[in-house]
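Engineer: sequence and predicted structure below; questions after.
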Amino acid sequence: MNNLREEFIELLEKDKEFRYAVAGYLGLSEILKRLDRLEEGQKGLWESQNRLWENQNRLWEEVKALREGQEKLWESQNKLWEEVKALRDGQNKLWEEVKSLREGQNKLWEEVKSLREGQNKLWENQNRLWEEVKALRINYRRLDRTVESLRDSMVHGFGELSRFAGLTFEEFARRFLSQYLRSMNVIPKDAELKKAVIDGEEINMFFENPLIVGEVTSHAESLEEVDKLMRKAEAARSKYKREPLKYLVVLTAGREIAKEIRKKAEESMIELIIGKEIED
């Protein structure tokens, strides 16, 4: 009996058609079929639910990745804001510097303007000074020519008078030039020019310190007197190793030769005194 029941139960569990036959006999076949369909449906639901969970897990992974990306974006955005802030601060500093430079430039322009005005005034003053200097030079030249003319006339006059005093023109010229150089503080107050012979060259007027070499002639007809003086000056220069002051005193000379003597004397840095120019 027990064996029969166990076999019957085993058939119900394992044999689907037997189970339906018994259920049909018992009026339960339709219910069992529905339960079987429900079981299959539930199995499908479980499978769908498992797929949903898988999809949901993937979604969570994507959400997690998106959050991580979002956090990186926020970090990048924060860095960008910091950089923007730094750039704005730098820009503000640059504007301050530009403002400062503009103010400095304005001050410089004011100073340049002031300097230009001052420079214009200086140019005006300088022009006035040049005009005054020009006038002074003209007056000086006139005065120099007047003094030279008076000196030459005096040499000529005293040269003529020297004959009555028993002096040669050379002696008179030596005394006259000594007095002139003392008055100009060229030689000491008690000094006197003298005659000298250097390397065979006879020098009419000589002083050692300062070194002075002078030539005297009563009449000049050519440039020979200038050449003689230059030769004697070279002898003194070779002996004393110094450049001498050179003086040429001429009592009379023709007008044309006097012009040539003056030109060469100026070129050779010779102090020239001509007492009187006469017609050729």
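Structural biologist: Arrived safely.

Engineer: hey, let's count contacts and neighbours off CA atoms from now on
Structural biologist: Fine.

Engineer: what about Leu272, which SS state?
Structural biologist: Taking DSSP: H, G, I helix; E, B strand; the rest coil as the rule, one finds Leu272 in the strand state.

Engineer: wait, it touches Val249, no?
Structural biologist: Yes: counting by Cα atoms under 8 Å, Leu272 touches Val249, with 6.2 Å between them.

Engineer: okay, the two: which has more neighbours?
Structural biologist: Taking neighbours as other Cα atoms under 10 Å, Leu272 and Val249 compare with Val249 leading, 25 against 20.

Engineer: which stretches of the stretch 1-150 of the chain have low pLDDT?
Structural biologist: Per-residue confidence for the stretch 1-150 of the chain (pLDDT under 70) gives these ranges: 1-2, 8, 12, 23-36, 130, 132-150.

Engineer: go again using 50 as the cut-off
Structural biologist: 139-140, 142-147, 149-150 (pLDDT under 50).

Engineer: that one: helices as residue ranges?
Structural biologist: 2-14, 16-26, 29-162 (DSSP state H, counting those that start in this stretch).

Engineer: work out the gap between the helix or strand hosting Arg231 and the centre of the chain.
Structural biologist: Assessed by DSSP states H and E, Arg231 sits inside helix 224-240. In this view, helix 224-240 has its centroid 52 Å away from the chain centroid, taken as Cα atoms, centre = their mean, to the nearest Å.

Engineer: could you give me the buried positions within it?
Structural biologist: Residues of helix 224-240 classed as buried by neighbour count (16 or more other Cα atoms under 10 Å): Glu225, Val226, Leu229, Met230, Lys232, Ala233, Glu234, Ala235, Ala236.

Engineer: packing partners of it?
Structural biologist: If contacts are counted by 3 or more Cα pairs under 8 Å, 6 or more residues apart in numbering; DSSP states H and E, helix 224-240 sits against strand 194-198, strand 201-207, strand 212-220, strand 245-254, helix 255-267.

Engineer: ok, now with 7 Å
Structural biologist: strand 212-220 (3 or more Cα pairs under 7 Å, 6 or more residues apart in numbering; DSSP states H and E).

Engineer: the strand it packs on vs strand 245-254, what angle?
Structural biologist: Interaxial angle, strand 212-220 versus strand 245-254 (axes from the mean of the first three to the mean of the last three Cα atoms, to 10 degrees): 0 degrees.
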